[in-house]
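*Asks:* Test case, fold it:
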Amino acid sequence: MKRIILISLLSWPYFSFSQGNKYVINGRMDKIDVPTKIYLTTVIDDVMTMDSTTITDHQFHFEGTVEGPIKASLFINNIQPNDKAPITIQYKNNIRIFVLEPCEIKVSGKDLLKNASVSSKINDQEKSYRALLKDATKTMDKMELQIATMRAEKKNDPEKEQELYVRYQLSLNARKMLQQKYISEHKKSFYSLFALEEIAGYTYDPVSVSAIFETLDPSVKNTLEARLFKEELDRGMNLLIGAKAPDFEVKELKSGKIVKLSDFIGKYILLDFWATYNNYSRSAHQVMAETYKQYADSNFTIISITVDPPAEKNAILEAINKDQMVWTNLGDPSHQRNDAAKTYNILTLPQVYLIDNNGNIFNKNFPIDSLKTELTKMRYPKPETAETTSESSN
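*Replies:* Next up is the predicted model:
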């Protein structure tokens, strides 16, 4: 169950580092002259904890306990309407990812939280990591800013945007190669775990990522952050094409009845993970609706599972009606990370899984425009020839 804990820490009481897993964050932002809210967030096993305090006289302070070390973020909601940078870039400039560990952590910056230095035993490892990635990251930031600016100014230039995107991807690939180099040379560094999490991204091959994970030093693999990542990798190993589709239990949106994937045993199933705010998943529903209409009487069904953040149920039902989703619709408007979303490692949208009538994963995350083709291939597989059998055995 997800909960959000909001604690305002406005005082600076005495702190003793002998108190187990306690941490203290003492920060200073030299160019923030007015009282400004700053937030500290962590997400541990789908529970998000958010603390807040106020930057006063350039300074701020947090304290608490953490099993850690764990990934955390500081965030300042300080969007400036007169700033020429697009809002998406302003948000990025006001976030600082760091390692929350049980010790004193010092944060020092000027106006942009993104560029603030963070100092502690583990965070001090970041300097060499950032230096290695500096050139690739600089190019990525530049391309991202240009693309965001074009979109904010509504400049319709697909060729230019595609060129920027290609340059961004080339820099991203270069950055991933450097991250792999860092991991191979710094197996005891907590930032090797950060690097691996970034390499993995939202959709990845769990086999190759797991192999790299196992090369990390036990001092890293035994941390809370690593244990949570390993659980995600293990779930990913259960989602390989050909594997038995994991079962789940989620409420039917209209009736509130608990529905299991295993309730549909014997049917061909498309699992559709979506959200009302995601345009890509919403537009995919048109193809799904056409396919469902054509194949509904052919032992085929669709199960759509919303992963909307806590929202009004009526808003979700309105979207279902608008998108003509006349099939099974599951979700829990009060909880974003339902059992299916966690079991299927849903970290980005849209995501789809095609499951055959034996309950095995036939394909996943394919272009939705090819749904009818994939469905045909699944229902009428080509018989193996002596040649294909020989090839598959090699």
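*Asks:* can you give me phi and psi for the spatially most central residue of the chain?
*Replies:* Centroid check for the chain by CA atoms, centre = their mean gives Leu347 as the closest residue, at 3.9 Å. Note on Leu347: backbone dihedrals following degrees, to the nearest 10 are phi -120, psi -10.
*Asks:* could you show me where the helices are in the stretch 51-200 of the chain, in order?
*Replies:* Listed in chain order, the helices of the stretch 51-200 of the chain (DSSP state H, counting those that start in this stretch) span 87-93, 126-152, 158-185, 190-200.
*Asks:* do the same with the stretch 251-394 of the chain
*Replies:* 279-295, 313-322, 339-343, 371-379, 386-393.
*Asks:* Quick check: which of these has the most neighbours on average?
*Replies:* Greatest average neighbour count among the helices of the stretch 251-394 of the chain goes to helix 339-343 (a mean of 20), per mean count of other CB atoms under 10 Å. Using the backbone N, CA and C atoms, a C-beta is placed for each residue, glycine as well.
*Asks:* Averaged pLDDT, that one. What do you get?
*Replies:* Average pLDDT, helix 339-343: 93.
*Asks:* What is it packed up against?
*Replies:* Contacts defined by 3 or more CB pairs under 8 Å, 6 or more residues apart in numbering; DSSP states H and E place helix 339-343 against strand 249-251, strand 268-274.
*Asks:* got a list of contacts for the last one?
*Replies:* Same thing as strand 268-274. 245, 261, 281-282, 284-285, 288, 291, 295, 298-307, 340-341, 344, 346, 349-357, 371, 375, 378-379 (CB atoms under 8 Å, 6 or more residues apart in numbering).
*Asks:* Relative to that strand, what are the paired strands and their orientations?
*Replies:* strand 300-306 (parallel), strand 351-355 (antiparallel) (DSSP bridges).
*Asks:* coming back round to it: ok, the residue nearest to the centre of the chain - contacts?
*Replies:* Tyr202, Thr203.
*Asks:* Check which element follows the lowest-mean-pLDDT helix or strand in the chain along the chain.
*Replies:* The helix or strand of the chain with the poorest confidence is strand 4-8; it has a mean of 31 (mean pLDDT, DSSP states H and E). Toward the C-terminal end, the helix or strand that comes next after strand 4-8 (DSSP states H and E) is strand 22-29.
*Asks:* what residues does the next helix or strand after that next one touch?
*Replies:* Counting by DSSP H and E, the element after strand 22-29 in chain order, helix or strand, is strand 36-44. With contacts defined as CB under 8 Å, 6+ apart, strand 36-44 is touched by 25, 27, 29, 48-55, 60, 62, 66-67, 70-78, 100, 113, 224, 228.
*Asks:* how many neighbours does the residue nearest to Ser171 when sequence neighbours are not counted have?
*Replies:* Nearest residue to Ser171, sequence neighbours excluded (CB to CB, 6 or more residues apart in numbering): Thr139, at 4.2 Å. Neighbourhood size, Thr139 [other CB atoms under 10 Å]: 17.
*Asks:* what does Gly256 give?
*Replies:* 9.
*Asks:* same thing with the one 10 residues further on?
*Replies:* The local packing of Gly266 (other CB under 10 Å) involves 9 other residues.
*Asks:* what does Gln169 give?
*Replies:* So Gln169, with other CB under 10 Å, has 12 neighbours.
*Asks:* repeat for the one 5 residues further on
*Replies:* Applying other CB under 10 Å, we find 16 residues neighbouring Ala174.
*Asks:* wait, it sits on Ala136?
*Replies:* Yes. Look at Ala174 against Ala136 with CB atoms under 8 Å: they come within range, at 4.7 Å.
*Asks:* Tell me the spacing between the closest residue to Lys121 other than its chain neighbours and Phe75.
*Replies:* Closest residue in space to Lys121, ignoring its immediate chain neighbours: Cys103 at 6.2 Å, by CB to CB, 6+ apart. Distance, Cys103 to Phe75, using CB to CB, to the nearest Å: 22 Å.
*Asks:* Would you mind listing where the stretch 1-150 of the chain has pLDDT under the threshold?
*Replies:* Applying pLDDT under 70 to the stretch 1-150 of the chain flags residues 1-20, 79-84.
*Asks:* before we move on, the earlier item: the helices of the stretch 251-394 of the chain: which one's closest to Pro218?
*Replies:* Closest to Pro218 of these, according to CB to CB: helix 339-343, at 26.6 Å.
*Asks:* Low-confidence ranges, the stretch 251-394 of the chain, go.
*Replies:* 336, 383-394.
*Asks:* ok, now with 90
*Replies:* For the stretch 251-394 of the chain, the stretches with pLDDT under 90 are 296-298, 308-314, 332-337, 347-348, 379-394.
*Asks:* burial count for the closest residue to Ala296 other than its chain neighbours?
*Replies:* Computed as CB to CB, 6+ apart, the closest residue to Ala296 that is not its neighbour in sequence is Trp327, at 8.0 Å. A count of nearby residues for Trp327, using other CB under 10 Å, gives 17.
*Asks:* For Trp327, give me its contacts.
*Replies:* So Trp327 contacts Tyr292, Ala296, Thr301, Ile302, Ile303, Ser304 (CB under 8 Å, 6+ apart).
*Asks:* Identify, from these, the entry nearest to Gln169.
*Replies:* Ser304 (30.6 Å).
*Asks:* thought that closest one was touching Ala319?
*Replies:* No. Judged on CB under 8 Å, Ser304 makes no contact with Ala319 at a distance of 10.2 Å.
*Asks:* Quick one: distance of stretch 104-112 to the chain centre.
*Replies:* 26 Å (CA atoms, centre = their mean, to the nearest Å).
*Asks:* buried stuff in it?
*Replies:* For stretch 104-112, a neighbour-count test (16 or more other CB atoms under 10 Å) marks Glu104, Ile105, Val107, Gly109, Leu112 as buried.
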